[in-house]
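Visitor: Here is my input, please return the structure:
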Amino acid sequence: MTVPTANPRPDSEIERVLVVSAHPDDVDFGAAGTVALWTKAGIEVSYCVVTDGQAGGFETDRDRAEMPLVRRAEQTAAAAQVGVHDLHFLGYQDGYLEPTQDVIRDITRVIRQVRPQRLLCQSPERNWSRLPASHPDHLAAGEATVRAFFPAAGNPFAYPELTEEAWTVGELWLIAHPEFNHYVDITDTVEQKLAAVMAHTSQHADPGTLIPRVRTMLNHNAERAGFPESHYAEAFTVIRLG
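Guide: Residues are numbered from 1 along each chain as shown. Predicted coordinates for the structure are as follows:
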């Protein structure tokens with residue numbers, strides 16, 4: 001199904017953004033340059049990380065029991081690179097995530113706490129042309145977040161056990177959706193994005209090749225968007241509610 005034409009609200013009308021991701025580092029690969037632009041513009045950005053990323057990494061001799069704390073610390077450091085200091089860790093198990101009522105409720109709670117005008121998450125639809133971007137946890141986190149976006153967060157009768165007041169988010173941005181309808185030029189913040197990516201040291205077995213690959217991907221996005229040569233861009237699918 002073809003996505004609608006993007007019609008995002010101007011950033012000047014946005015006060016708060018919430019980013020929900022399945023694992024530590026997902027937001028940094030997918031949206032950190034855009035996040036840095038938002039925080040530079042004075043927008044408050046919060047992160048909600050659903051799992052602790054215990055199944056990630058490359059060190060076979062590392063005590064896996066250490067990974068939740070390691071990955072939370074890396075995500076906190078990465079967030080600081082792009083001006084984000086409010087992080088919510090839900091603590092679910094990496095590799096086991098499903099869009100259960102518990103997960104939807106917990107994301108709904110964070111939405112109601114943060115009260116964002118814009119919500120960013122991973123796509124719940126599998127992208128067969130970029131299958132690694134459609135990790136099962138990404139799809140599950142995306143599905144749970146979309147269900148929280150509508151109707152749960154704005155419905156005062158959904159999850160009555162929650163004490164936070166219902167809140168309707170007007171705008172949803174998807175990462176790694178099969179079709180994009182919006183590109184953000186991040187040339188001015190690309191170095192912050194790359195620093196955020198590199199903060200996840202436990203995940204990079206060959207860091208020397210990582211930055212060139214990320215730069216190439218961002219440059220291809222800019223080409224598809226029609227931006228000037230040598231620019232960098234991140235790609236999204238923007239959906240307005242109503």
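Visitor: For the residue nearest the centre of the chain, list the residues it contacts.
Guide: What sits nearest the mean C-alpha location of the chain, by C-alpha atoms, centre = their mean, is residue 27, with 3.8 Å. By C-beta atoms under 8 Å, 6 or more residues apart in numbering, residue 27 lies in contact with 19, 21, 35, 47, 120. From N, CA and C alone the C-beta is placed, and that goes for glycine too.
Visitor: Can I get the residues you listed in TSV including distance to residue 163, pLDDT and secondary structure?
Guide: Formatted as TSV, these follow (distance: C-beta to C-beta, whole Å; pLDDT from 0 to 100; DSSP: H, G, I helix; E, B strand; the rest coil):
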residue	distance to residue 163	pLDDT	secondary structure
19	23	99	strand
21	25	98	strand
35	29	99	helix
47	22	99	strand
120	25	98	strand
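Visitor: quick check, nearest of those to residue 83?
Guide: Checking the contacts of residue 27 against residue 83 with C-beta to C-beta, the nearest one is residue 35 at 7.5 Å.
Visitor: what about the closest one, how many neighbours?
Guide: The local packing of residue 35 (other C-beta atoms under 10 Å) involves 30 other residues.
Visitor: about what we covered before: angles on the backbone of the residue nearest to the centre of the chain, please.
Guide: phi -60, psi -30 (degrees, to the nearest 10).
Visitor: Also residue 46?
Guide: Per-residue torsions, residue 46: phi -120, psi 150 (degrees, to the nearest 10).
Visitor: okay, the residue nearest to it when sequence neighbours are not counted: pLDDT?
Guide: Closest residue to residue 46 in three dimensions, ignoring its sequence neighbours and counting by C-beta to C-beta, 6 or more residues apart in numbering: residue 86, at 4.1 Å. Predicted confidence (pLDDT) for residue 86: 98.
Visitor: Distance check, residue 86 against residue 190.
Guide: Between residue 86 and residue 190 the distance, using C-beta to C-beta, to the nearest Å, works out to 23 Å.
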